[in-house]
Structure formats: C-alpha cells, structure tokens
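Q: show me the folded form of this:
(2 chains)
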Amino acid sequence: MTERGVISRRDFLRRSARIGVSAVAGAGVAGLCFDPAGPAPKTADSAAIRSFDFSIPAETPQIAVVRGPDRKETLRLALEALGGIEQFVAPGDRVLLKVNAAFSSPAMLGATSHPELVFEAARHCFAAGARSVTVADNPINDPSACFTLTGIADAAQKAGAVVMLPRPQRFDRISIPEGRLILNWPVFSAPLNGADKVIGLAPVKDHHRSGASMSLKNWYGLLGGRRNLFHQNIHGIIRELSILVRPTLVVLDGTVSMIANGPTGGSMSDLKQTDTLIVSTDPVAADVLGARLLGLSPAALPFIGEAAAAGAGIADVDRLNIKELKL
Amino acid sequence: MKIIATRRIAQVFFLILFFWFCWVTTLGERWWQLGGWPVNWLLQLDPLVGMATLLATRTLYAGLLWGLVTIVLTLVLGRFFCGWICPFGTMQQALGYLSLRKKTLSEKIKANRYRTGQKVKYGLLAFLLAAAAADLVPHFLRLSVGRPAGFFLLAAAAGVIVFGFSRIGAVQSRTGLLAGFFLVAGFSAAAFFPDADPWIYAASLQAGFFDPIPLAHRGVNLTLMPLVRGELPGAAAEIRGYVGAWLIGLFFWGGLLLCLWIPRFYCRTICPLGALFGLLGRGALWRIGKQEAKCRSCLRCESHCEGACRPSGAIRTAECVLCLNCLDRCRTGNIGYRIEPSAAGEVRSCDLSRRAFGAALVAGLASVPVLRLSGHTSANWPAGLVRPPGALDEDRFLRRCIKCGQCMRICPTNIIQPAIGQAGLEGIWTPVLNFRIGSSGCQLNCVACGHVCPTAAIRGLSLDEKLGRGAFQDRGPVKMGTAFVDQGRCLPWAMDRPCIVCQENCPVSPKAILVDAVFRPVEGGLTVKRSGERFVDVDLSAAALDRPYGSGDYFCLQEDGPGRRIVSVDAGRVAMISEDSWDSPPAPGDAVTIAIRLQQPRVDPARCIGCGICEHECPVQGRRAIYVTAENESRAPAHALLVG
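A: Model (predicted):
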C-alpha cells in the first residue's frame, strides 16, 4: 500500500472501461426489455380450430343390436354381425378406447364402463392387429382412483392396453369450427392425437341434467377446465361434442342400464337389467336405441336432434338397416 | 458554499418533492391535485423497482427506464442516491442527527462505526431478486427446448452468472459455486420434468416490501396523508381509513425510529436498495478516501459518517452513502472525493460470505414455489380478492405490484385497500377492493388507479375500455367481480320489508340488478262485511295497526284473483285506489287478503361489473345482504361464471 493514494493510468482506464461496459450492458438490457405500452390484458388466446374425425366413410351407418346378459358374447356377436372388428381396426392401428370412468365407484353400480367390456374390446382390437390400445377419460372424481376402483385399469392392463391419465400437459386449447361453447377450451387431446381409430365405450345411464348419458354424452370426458359451466347449456355442449369427435365406432352398453339417480347412481336399485348391447358407427342412432332402454323418446332428449342436425348421425333409426340378434 | 450544504439542499428538495407528490396524488386537475405532476418519479428513479420487475416480467415498463439514469450515475459516482435523494434516508438522517446532537464526540464515533450486521441487506437483496427471478431459468430453458444452439448459449450464460455470483463475497469457499450449480441443475431438471405443473413455478415481486421508496410512499400515503383533512387544498373531506394501517405504520415509523438506536439503521442494515447501490457503486469513478494514509487519527471524520463506512481507515466503499460529512469534518483536508483510491486502502467486499449469499439466493428461488403451493393463484383462488379495474391476472399481478399504495391514495372513494391475508402472504399490502370502508363503490367513470400505477400491475384503462364502448364494444365492460344476493339477510327476501336500494344504485345501464315483484300475504282470510268500488270493510287484527297498510306497498287481494293498492285504513275500512283492475269487487262474505308487494333483487351476472356500489349501499350494514366476489372477473378468464 502506498502512503499516498495514487492511481495509474492503466487502472484508471480499466475502471472507466468497466463502468462504461456496465452502463452499456445495463442500457442494452433495459432497451431490449423496454415496454412503453405496458402489458396487454389476458384474453382468451386464439386456439387452434379443429375437430377429430375417426369415422370410416360409408354409405349407411352400420348398427348391430344384440340381446343377452353376457357382454363378452354380445360384443362378439355384434362385431361378427358387422363383418368383424377388422372392418374398423386395421393392422398397425393405434386405437383409443374412450371409456366412461367418470366416478370412483365399483363396476357393479353401473356408473362407468364395465371392465369386462373394456377388456373384450381391447382384446378384439389386438386380435385385429392393433399396434396399441389406449384407454382414456378425464373423470369427474380423482382420475387414478376412478380407473382403479372401477376395475378399468386392471382390465386394460390384463388386455395389454395402456391407461392414459388426464395430466395437465395432455390438454390443448381447442376451438371447434363455428363453435359457440368449445371456444379456446382445454381438450384432452393427447389420446386423440395419438390415435388412428377411436371407439367410444359408454354405459346407458339416466342423467338428471341432459335426460340421458350415453355415447354422445361420453365425449364430455374429453373436456378439461371448469367444464361443468356447460351445464348452463347441456344440449348445446353435447351437440358441439358430436362435432368435436366423430368416432370410428361406439359400443353402447345397455346390459344393465341406470334408470334412476343418474349419472352417479350408487344403489343396485337404480339399475335395471336390460340385456342389450349396441355397436354402431353412428353415435346418434346408438343413443336413440339406447334411450328406448330408459323408456325415452328422442323428443325427450333435445341433444339427439341437435347432434343429428350437426351431421353427427341419423336420429330416424326406423329407416336404418339394423342387425338385431339374440344370444 | 460548503459541499454538505449543497447536499442538504438536495435532500430537503427531494424530501419536499416526495411529500408534495404524495400530497397531490388525489384526483383532480387543479395544481394541487394529480393533473400533470409526475407523482411516480421517485418510484421510477428507484432502479430496484425497475430491476425486480424486469426480472419478474422480462419487460421494463415505460417510466421505470428512469432507473437506468440512477444506475449509470451510481456506476460513476457511487451511492449518491442514498445520501442525496432518498427521502427515507433524509428522514432517518434528520432523526439520527437529533438523537446524537447532545452526545460526545466519542459517542458519536461509536454510533457510526461499521457493524457486521450491515451485510444483512446484501442477503436480503439476493433473496428479493431471486424471488423476482424465480422462473427466469425455467423460462429460458423452455424457450431453448428444441433449439440446441439456444440451449448451449443459455448454459454458457448460466455458467457465467454462477461464476460471477461466486466471486461476490470474501470467504474463500466453493459453497456459492456449488449452490449455483445445484440451482441451475435443479431448475433444468424441473423444466424438463414432463409432469411438472407450471403453476407453482412463478416469480414473486417482494422487493417493494423493503425497498425504501415504495415503503416511504406506502407509509406516508396510508398512515400520514389520510389523517389530514379539512379546508387545505387537496385535503380529503373525511379521514380515509386503511385496513391494517397499523402494520404498515409499524414498519414505516418503526423503521424510522430505529435510527434513534443506531443512526440510519434501516439504510445500513436492511435497505435492499442501498445494497444494490453499494454493489453497483463499488467501482465508481470517484470515491471518498484519504490522500495520506497517515493522519492524526482524531476520527472526527467518523463522528457524522452516515454510511458507517470507516473513512479513517480502509474505507468500505460499498457502505459509503456520499454524505461527505467526513470531508467536511476533517481538519487537515486529508479526505477527498477523488479518482484515486484511498491511501489507507479500500474494502470492496460487501462482507457477505458466499455461503450466506448462496443461501439467500436459494431461499429466494425456493420461496416462490413453496408460497404458491397454497394454490391462491390457481385452483384455490380467493373469492374475496376483488382487484381494482384493469388489474392483471393474479400471476402477472404478483410479478409487478410493489405495494407502494399509490392506487390506494388516488382512489377517490377510498375502496382500494391494502390486502392483509386475502392475497396470501406474498400479496400482503397489494390492492384489494373493500366496499364497506370507503365512500362508495368503484366509480363507473373513474380509471385513476391504473393510470397512477407505476408498474402497470393495474393497467391504465381508457374509459372506453373500462366501460366496453367504442373499440372495446365486443369485449364488454371490465368486470371486477360479480354481486351475489344473500337471500337470508336481504330485507325483501327474508324480512318482508321493501328495499331495493341495491337495484336503484346499480350504475350499469340497463341495470345488472333485476327485481321480481311478489305479493307476500300479511293477513289472510279476512271476511268482507261491506264493500264498494273503492273500499272493503273487514275486521283487521290488532297487529295490523302496527303495519303501515296505507303506505302504498300493501295490496288487498281477492281470493286467487288480482289485487288493488291500499291507500288508507281507517276503523276496519280498507280504502283502495281504483286504477288497478279487478273484474268485480269482492262481495260481502267473500274472503280477501292483505299482502305486501315486495321487489326481490337478483343479479344478472352477464351485466354485473362488480363495482360494489350495491354492497356499499346495502342497508344491512353488518354483513351486507349483497356482496361482490371475484367471480367472472375479466382479468382471469378461468374465473368465468357464464358460457355461451
């Protein structure tokens, strides 16, 4: 240390340079980040406008209705009647089984897709050469509890299928074409994006808000977010869901129908043995047939007419060629 | 004129300017009101506000660019802001002067010695900036995903930053470096972890809690200005209340009074802004120092040293606030403000160990996800948190709000209040609307809060945007929330009393509060003794005499038929006006009912903007029978109540 404070020319220049560089760096960052206008309000980002069409072009819908109490046999018969699962699933296909796993209640209460049917459907897909089968739903109750307690997870695993849980990053914000409700709304898109074919597996159920929950209402389980806001317009949202997803096939399970206290049920006394399984390429027609099990006409279910008008299917089932069989 | 006289003039000038700006932050266009005064200028000059919001938002909002001026001047001159401009510093200096005035020279020297506690402020600064930058690394990592060049550039930048940080501090230890490494590694992993929920990774701006400029504004705005009322130009007509002002006062006045114990206690020990200036000004072009190392060691230079930076020895440059008292007190003229370093040496370190620095940094980064686990910015959003019109969505709001209280000062109805618990711990003292304490609800044609907000946490709305007119027609008015009727407390709903004060005061046109008229029987089964076109004679109960049947709210109803308005009751004769229709008057022997006509309010959520005027006016004063919660607020589309 010197007795007298001195600074060499070199030190002075070095110090000045440091200050200059710091000032310029600071000014640079400030300039790059300068935002005189301020932040914009949070508005709904413009979401991709899209829908998911997995239907196989055909002149007329193909529908089979099989009466009997044994799901394994009724499904086999129904598929046979339609020319075999090979008509719908090609070798190498990735198949999505959109089940109804909405509630964490046991299969016997009929509030969810029956695990035996999930197993059989997955098995048929693999038999047709499917590369993979994914089982997915965005349930109302806790997702993993739902898949476990309904027995669907076990059934899927036994058949070699994979359960895809609704994790946040598996949703995309989507608007459907000319949608008024599904606008910039989070949709459980990952299972749809990764599929070549989509099969809906829904039970026939009473539903207090919409009248009935069957194959069209089953697509509700693809919505995320605070979706129960759509109860403000239940028939409108089912109509839009019928535009969002056009399935390859729906399997509507009326072996046991929930005739009261839907869609949750909770008691065996809410159920009725109706011994019917409907396999259809047309979800609207399937729901008309399913409604009969609940003693409801299409007029009592406005969403049927709206979905038909939206081009999702045909409500006038009497003019369709329906293959009816009995075990 | 001596240099310290110049400094005092500057200090007094900025102190008066500060009080003036606080004073004129009231709505109006007179010269003693808001019209044109740059009331945020001191907040904008504060580079900690700019720097912290920049880290949290990656943007620098408009006037905050002034902070750059302060930074550049500090790089050249040192901590001039603390000694010459900061109003909180000036207040402390004045108090400290008073407390030391009668003390002996040695006592003064002792009070102004350097204390190791002064390093605390650097740790606090690291903590606050880390919390503000908590999602910076994941943010850039996400941006660089899929761009290898970007990723490596980022990794290099992170390395440089960690290396830079590791050089701060005096202790030779690798702890800081290691902490930095684990930090970057941890956050990289978090960013790539596929199932990471993004809502806990956020940034939180807490600098304003300790930053003396927002602190002084908050303290003066909310604990001093509201007390002034009366005839002075700009004074409020009534005392303006602020919820939890005692706590704000405790920090502000307590922070000031601590300097009776140790001079400039807050500046030396706590002030994160001072810490920032200390770090920036360590390598300043000019600095205080001795020309000759040897002197008489009288220590007079330290008797009034504001920064406690030990000018008699190896000076702690980062602590020096450029009060220049040492220069003034030295009798031999040995101390100067010069380019040459002090002949007695300089200590440039801020005395904070790398370990402590690393700990503060990690604590700051980790504090945000831990705070956010409460879910108050996601699923568990508080319904009672009604923010001012134009407030950003909660995540972005918490990245900007510096809790300065400017919006609370300007609000003409005094409804913008400092949050205590409504917004969670990190949202303390951020603005929340309270419709009981003020003089009304949010005024339809007022957008003052957003225009006074220095950081755009509340956006400056145009009237068109607030009201959903003109270019904003499609978007509709800005909604702060939605009103709900508590039918168990509402007079017409629960107590058979006409009211509809809420409906009358609803400023939305057409009104967002609708009323349904119902006739509630008060006395039934009255047998008509005689009747005429405009009267019936019946035996009324004794209780009926307490009821103002003739007030115009009561009707005489025929058995399941229409009713007529009663105009008077006299000795069992019920007189009615004839403008209401009934086909034929009740005949003697028929039964009639006296009923009160009630208008029961209900809210149309599609029209309600949540201004809270209904809640303010509701005559059920204890807990209002109509109240606003944040449902349907425009700032958060996820809080929507209606679809399609």
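Q: could you list the low-pLDDT ranges of the chain?
A: By default, I'm working from chain A. Residues of chain A meeting the criterion pLDDT under 70: A:1-5, A:44-45.
Q: ah, no, chain B please
A: Along chain B, the parts satisfying pLDDT under 70 run over B:141-148, B:150-151, B:154-155, B:158-159, B:161-197, B:560, B:578-581, B:644.
Q: and the longest strand for it?
A: The longest strand of chain B (DSSP state E) is strand B:513-527.
Q: tell me the buried residues in it?
A: B:Ile513, B:Val515, B:Phe519, B:Val522, B:Glu523, B:Leu526 (16 or more other Cβ atoms under 10 Å in any protein chain shown). Yep, even glycine has a C-beta here, placed from its N, CA and C like the rest.
Q: dihedrals phi and psi, B:Cys499?
A: Here is the backbone geometry of B:Cys499 (degrees, to the nearest 10): phi -150, psi -80.
Q: wait, what's in contact with it?
A: B:Cys490, B:Leu491, B:Pro492, B:Gln599, B:Pro601, B:Pro619 (Cβ atoms under 8 Å, 6 or more residues apart in numbering or on different chains).
Q: what's the distance between it and B:Gly589?
A: As judged by Cβ to Cβ, to the nearest Å, B:Cys499 and B:Gly589 stand 37 Å apart.
Q: equivalent analysis for B:Leu256, please.
A: 84 Å.
Q: which one of the two is surrounded by more residues?
A: B:Leu256 (19 against 9; other Cβ atoms under 10 Å in any protein chain shown).
Q: the more buried one against B:Ala94, yeah?
A: No: contact criterion Cβ atoms under 8 Å: B:Leu256 and B:Ala94 do not qualify, at 9.6 Å.
Q: what does the stretch 1-150 of chain B put close to chain A?
A: The stretch 1-150 of chain B has residues B:50, B:54, B:57-62, B:65, B:67-68, B:71-72, B:75-76 near chain A, with proximity defined as Cβ under 8 Å from any Cβ of the partner chain.
Q: can you get me a residue count around B:Pro548?
A: 12.
Q: pick out the residue nearest the middle of the chain.
A: Chain wasn't specified; assuming chain A. A:Leu222 (2.8 Å; Cα atoms, centre = their mean).
Q: chain B was what I was after
A: Closest-to-mean residue, chain B, Cα atoms, centre = their mean: B:Thr430 / 2.8 Å.
Q: residue contacts, the closest residue to that residue other than its chain neighbours?
A: Nearest residue to B:Thr430 in three dimensions, chain neighbours excluded: B:Cys401, at 4.7 Å (Cβ to Cβ, 6 or more residues apart in numbering or on different chains). B:Cys401 sits next to B:Leu205, B:Gly208, B:Gly427, B:Thr430, B:Pro431, B:Thr455, B:Ala457 when contact means Cβ under 8 Å, 6+ apart.
Q: helices - which of those residues land there?
A: B:Gly208 (DSSP state H).
Q: most widely separated two among the contacts of B:Cys401?
A: Farthest pair in the contacts of B:Cys401 (Cβ to Cβ) is B:Gly427 and B:Thr455. Separation: 14.6 Å.
Q: can you pull the phi/psi pair for the closest residue to B:Trp493 other than its chain neighbours?
A: In space, not counting the residues next to it along the chain, B:Trp493 is nearest to B:Gln487; the distance is 4.2 Å by Cβ to Cβ, 6+ apart. Per-residue torsions, B:Gln487: phi -70, psi -20 (degrees, to the nearest 10).
Q: tell me how far B:Gln487 lies from B:Val603.
A: 12 Å.
Q: please apply the same query to A:Leu301.
A: 32 Å.
Q: what of B:Ser353?
A: B:Ser353 is 59 Å from B:Val603, by Cβ to Cβ.
Q: the two: which is more packed in?
A: Neighbours per residue (other Cβ under 10 Å) separate B:Ser353 from B:Val603, with B:Val603 holding more: 22 against 19.
Q: bridging residues for that one?
A: Assessed by DSSP bridges, B:Val603 has beta-bridge partners B:Ile513.
Q: up against chain B, what does the stretch 151-300 of chain A have?
A: So the stretch 151-300 of chain A meets chain B at A:167-169, A:180-181, A:225-226, A:229-230, A:232-233, A:236-237 (Cβ under 8 Å from any Cβ).
Q: quick one, domains of chain B?
A: Domain segmentation of chain B under automatic domain parsing yields B:3-125+B:207-347, B:136-200, B:394-480, B:520-598.
Q: rebuild the ones you listed as CSV, extending it with distance to A:Arg71.
A: Compiled in CSV, the domains of chain B are given as follows (distance: least, Cβ to Cβ, whole Å):
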stretch, distance to A:Arg71
domain B:3-125+B:207-347, 56
domain B:136-200, 34
domain B:394-480, 48
domain B:520-598, 56
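Q: and B:Gly427 and B:Thr455? which has more neighbours close in?
A: Neighbours per residue (other Cβ under 10 Å) separate B:Gly427 from B:Thr455, with B:Thr455 holding more: 32 against 26.
Q: that one contacts B:Tyr61, doesn't it?
A: Yes: using Cβ under 8 Å, B:Thr455 is in contact with B:Tyr61, at 5.7 Å.
Q: overlap of the contact sets of those two?
A: By Cβ under 8 Å, 6+ apart, the residues touching both B:Thr455 and B:Tyr61 are B:Thr53, B:Arg400.
Q: ok, the nearest residue to A:Leu327 once chain neighbours are set aside - contacts?
A: Using Cβ to Cβ, 6+ apart and skipping the chain neighbours, the partner closest in space to A:Leu327 is A:Gly68 (3.0 Å). When contacts are counted by Cβ under 8 Å, 6+ apart, A:Gly68 is found next to A:Thr74, A:Leu77, A:Thr255, A:Asp275, A:Leu277, A:Lys326, A:Leu327.
Q: noted, bye for now.
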